[in-house]
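Colleague: heads up, no residue letters with this:
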DNA sequence: ACATCCACCTGCTCGC
DNA sequence: TGCGAGCAGGTGGATG
């Protein structure tokens, strides 16, 4: 999926294009795209139609859009979701799942999602203004959020008995981090993905948080990471941060710090990339 | 409660 | 050229 920087690129594009405007129509072209909206497609369309988008917010990798009238439109891009602003007359393409029409515009907002892991739903707003809805309250603040509490993150890690990368990918501890930025942050911090969380020092946690922050901030400036045309902004343009990756997807290539060939390990049905010299494996496996 | 795993999808690449 | 296996940026719910 798009991770935090890619989702933030989309959020900014949407905020500029959709905030303050009224949805005039919505279409559900694939029911899986709204599977988390339990009342179904007709109810989804009815709750969105005629509503004004007040703002476009993000919590981790979730987008949440308060609507006038007290509901919130929540969306997640999954592994392959795109939000695109295109002419309403443009051909639909094979993976078009949702369309949203807006007042006084010949362009429309499209949710295009090849693998259909992404989706949208409408849910009541939180009691507190500016807070994410209850449906995504389990998502922790991300490391770029001023609300992110590093000391609390450290305490939570020490309480947890798992490996460091597993914890980084757990969105209830720290959000926005996915497979790419976890590996890149760990490389910057010179820590191994299997490091037991209960043995981490405060300084090591600072290093990994700083590493993740740096790599995400740099990726944001580059418009996000794209290896192909799957990850794009609302205008369909790819970011170029893949040129700045140090370990992710670089098996057997030399480490940019020490020249040691980068190693790929199977990890949770995926991969973990490390420099075996800069990030030695801890004695205890996980 | 906590930690781990896998199903949910489509499409591309690789080796035979 | 065809075909099966493996892989891809995520998540929530089931399972132990």
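Modeller: Thanks, I have the structure now. Model, not experiment: these values are computed from the prediction.
Colleague: residue A:7 belongs to a helix, doesn't it?
Modeller: Yes. Counting by DSSP: H, G, I helix; E, B strand; the rest coil, one finds residue A:7 located in a helix.
Colleague: wait, isn't it in contact with residue A:57?
Modeller: No. Using Cβ atoms under 8 Å, residue A:7 makes no contact with residue A:57, being 11.1 Å away. All C-beta atoms are positioned from the backbone trio N, CA, C, and that covers glycine.
Colleague: so what sits against both of the two?
Modeller: residue A:63 (Cβ atoms under 8 Å, 6 or more residues apart in numbering).
Colleague: so between these two, which is more surrounded?
Modeller: Neighbour count, other Cβ atoms under 10 Å: between residue A:7 and residue A:57, residue A:7 has more, with 27 against 19.
Colleague: so what's the residue count around the residue lying closest to that one once chain neighbours are set aside?
Modeller: In space, and not counting its chain neighbours, residue A:7 is closest to residue A:61: 5.0 Å by Cβ to Cβ, 6 or more residues apart in numbering. For residue A:61, the count of nearby residues is 25 (other Cβ under 10 Å).
Colleague: likewise for residue A:222?
Modeller: So residue A:222, with other Cβ under 10 Å, has 16 neighbours.
Colleague: and the residue lying closest to it once chain neighbours are set aside, how many neighbours does it have?
Modeller: Distances taken as Cβ to Cβ, 6+ apart put residue A:241 closest to residue A:222, at 3.9 Å, once the chain neighbours are dropped. Residue A:241: 24 surrounding residues under other Cβ under 10 Å.
Colleague: so what's residue A:241 up against?
Modeller: A:5, A:218, A:219, A:222, A:223, A:224, A:225, A:226.
Colleague: so how far is residue A:61 from residue A:243?
Modeller: Remark: distance between residue A:243 and residue A:61 (Cβ to Cβ, to the nearest Å) = 23 Å.
Colleague: then residue A:138?
Modeller: Residue A:138 is 13 Å from residue A:61, by Cβ to Cβ.
Colleague: what touches both of these two?
Modeller: With contacts taken as Cβ under 8 Å, 6+ apart, residue A:138 and residue A:61 have residue A:171 as neighbours in common.
Colleague: domain boundaries for chain A, per the record?
Modeller: Here the domain parsing of chain A from automatic domain parsing is A:4-136, A:150-274.
Colleague: let's have these in CSV, adding distance to residue A:282 and mean pLDDT.
Modeller: Output for those, formatted as CSV (distance: least, Cβ to Cβ, whole Å; pLDDT from 0 to 100):
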stretch, distance to residue A:282, mean pLDDT
domain A:4-136, 27, 97
domain A:150-274, 5, 96
